[in-house]
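Asker: Sharing a model that was predicted from the sequence below.
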Amino acid sequence: MFPGSNCDRDVQTAARAVGYDADFIWHTDTSVDGFDCLALPGGFSYGDYLRTAAIARFSPVMEAVARYAALGRPVIGICNGFQVLLEAGLLPGAMLRNTSCKFVCKPQRVRVEVASARTPFTLKLRPGQVITLPIAHGEGNYYVDSETLEQLELGGQVVFRYCDESGELTAGSCPNGSLGNIAGICNKAGNVLGMMPHPERAAEDILGGADGRLLFDSVAQWVQGGGRIVG
Amino acid sequence: MVYVADIVVKLKKSILDPQGDAVRSALKSMGYDGVHDVRIGKRIEVRLEATCEDECMRLVDEMCAKLLSNTVVEDYDFSIREESGE
């Protein structure tokens, strides 16, 4: 958690909904020992001053997060948390302002682009599956140079894309101008996932949707299964 | 010695600037037909202590690369001057 994070309790509630406890790690902490999974929540860390996530990335806790990620343990960055992972270089690319110049806040369909075992967060999802998750961001226009984009595509690192109801990747279904309708990517190993949509805001029926719960169920299953990264 | 660094951070030329585009069309609608392009960036002023000009240049360059800009999508440029004793 960073000063200005505001989805931390939502993530905690979602983790509890799948039978896990979740505790908060403050940005000044230097250890993340004892956790089965780390989530960098959404919000407006450090008021988005300078650039989204620019300052959060230098928080003391981020060194511990990088070490944890390097061990192959599961890390998910949601919305502003995704932006932190990008700024920290744990995932490639950067976020630009939405092409509409508007903050978009709505339910959004996204298509699963990877095999279930590609990441700890997708075990309960299947390739091609269309799920609905809330989005809420002003700077979710994913950009990366063409060479890296090709590597992401070839390496199966594009995890989610914005799509329409039938799963088609139309320009109209992309809410922010992201390259290739990209909504979420993972690192090469697959243990670090960054995504703009908010699974924690759709983790129980009472929230208007439970598709996001599948991600939390997935990582819970992954941890129970011994938590090993599958090639 | 106290220096003042005047830093400009801009989106790379190859990157679409939606804010600049919105301002460009506003200017056009105001009748400024000759406006071809508008790009919006940030200007950052940093007052800092350094032993000499070279050290100041090095420090500011490092700050720009590490924090003040994101070199994936932005370019930066800066100039430095000694702070006058007014």
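Answerer: Cool, the structure landed. Numbers count the residues shown, from 1 in each chain, chains lettered A, B, ... in the order given.

Asker: Surely A:V192 touches A:L71?
Answerer: No: applying CB atoms under 8 Å, one finds A:V192 not in contact with A:L71, separated by 11.1 Å. Where you see a C-beta, it was placed from the backbone N, CA and C, and this is true even at glycine.

Asker: So for the two, which sits in the more crowded spot?
Answerer: A count of neighbours by other CB atoms under 10 Å in any protein chain shown puts A:V192 above the other of A:V192 and A:L71, at 28 against 9.

Asker: Let me see the backbone angles for the more buried one.
Answerer: Main-chain torsions, A:V192, degrees, to the nearest 10: phi -110, psi 120.

Asker: List the buried residues of the helix or strand containing A:D10.
Answerer: Assigned by DSSP states H and E, A:D10 belongs to helix A:8-17. Neighbour-count burial for helix A:8-17, counted by 16 or more other CB atoms under 10 Å in any protein chain shown, picks out A:D8, A:D10, A:V11, A:Q12, A:A14, A:A15, A:A17.

Asker: Can you add pLDDT and distance to chain B and give those back as CSV?
Answerer: Listed next are those as CSV, based on pLDDT from 0 to 100; distance: CB to the nearest CB, whole Å:
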residue, pLDDT, distance to chain B
A:D8, 93, 24
A:D10, 94, 27
A:V11, 95, 25
A:Q12, 95, 30
A:A14, 94, 30
A:A15, 94, 31
A:A17, 92, 35
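
Asker: Which residue is the nearest non-sequential neighbour of the one residue in chain B that gets nearest to chain A?
Answerer: When distances are taken as CB to the nearest CB, chain B reaches nearest to chain A at B:V72, 4.0 Å away. Nearest residue to B:V72 in three dimensions, chain neighbours excluded: A:A94, at 4.0 Å (CB to CB, 6 or more residues apart in numbering or on different chains).

Asker: Contact partners for that neighbour?
Answerer: With contact set as CB atoms under 8 Å, 6 or more residues apart in numbering or on different chains, A:A94 has these partners: A:L86, A:E87, A:Y142, A:Y143, A:V144, B:N70, B:V72, B:V73.

Asker: What's the per-residue pLDDT of it here?
Answerer: Per-residue pLDDT puts A:A94 at 96.

Asker: Tell me which residue lies farthest from the centre of chain B.
Answerer: Ranking residues of chain B by C-alpha distance from their mean position (CA atoms, centre = their mean) puts B:G31 at the top, at 28.1 Å.

Asker: pLDDT wise, what is it at?
Answerer: 97.

Asker: all helices for chain B, in order.
Answerer: Using DSSP state H, the helices found in chain B span residues B:18-29, B:53-63.

Asker: so which of the ones you listed gets nearest A:R57?
Answerer: Between A:R57 and these, the tightest spacing by CB to CB is seen for helix B:53-63, at 14.2 Å.

Asker: how about that closest one, does it reach chain A?
Answerer: No: applying CB under 8 Å from any CB of the partner chain, one finds helix B:53-63 separated from chain A by no less than 11.3 Å.

Asker: Return that helix as PDB; C-alpha atoms alone will do.
Answerer: Output of helix B:53-63 as PDB, limited to C-alpha atoms (Å, rounded to 0.1, in the frame of the first residue of the first chain):
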ATOM      1  CA  GLU B  53      28.700  22.900 -13.200                       C
ATOM      2  CA  ASP B  54      29.800  19.400 -14.400                       C
ATOM      3  CA  GLU B  55      28.500  17.800 -11.200                       C
ATOM      4  CA  CYS B  56      25.300  19.700 -11.500                       C
ATOM      5  CA  MET B  57      24.800  18.500 -15.100                       C
ATOM      6  CA  ARG B  58      25.500  14.900 -14.100                       C
ATOM      7  CA  LEU B  59      23.100  15.000 -11.100                       C
ATOM      8  CA  VAL B  60      20.200  16.600 -13.100                       C
ATOM      9  CA  ASP B  61      20.700  14.200 -15.900                       C
ATOM     10  CA  GLU B  62      20.500  11.300 -13.400                       C
ATOM     11  CA  MET B  63      17.400  12.700 -11.800                       C
END
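
Asker: got a list of contacts for it?
Answerer: Helix B:53-63 has contacts (CB under 8 Å, 6+ apart) with B:M1, B:Y3, B:A5, B:I7, B:V46, B:L48, B:A50, B:F78, B:I80.
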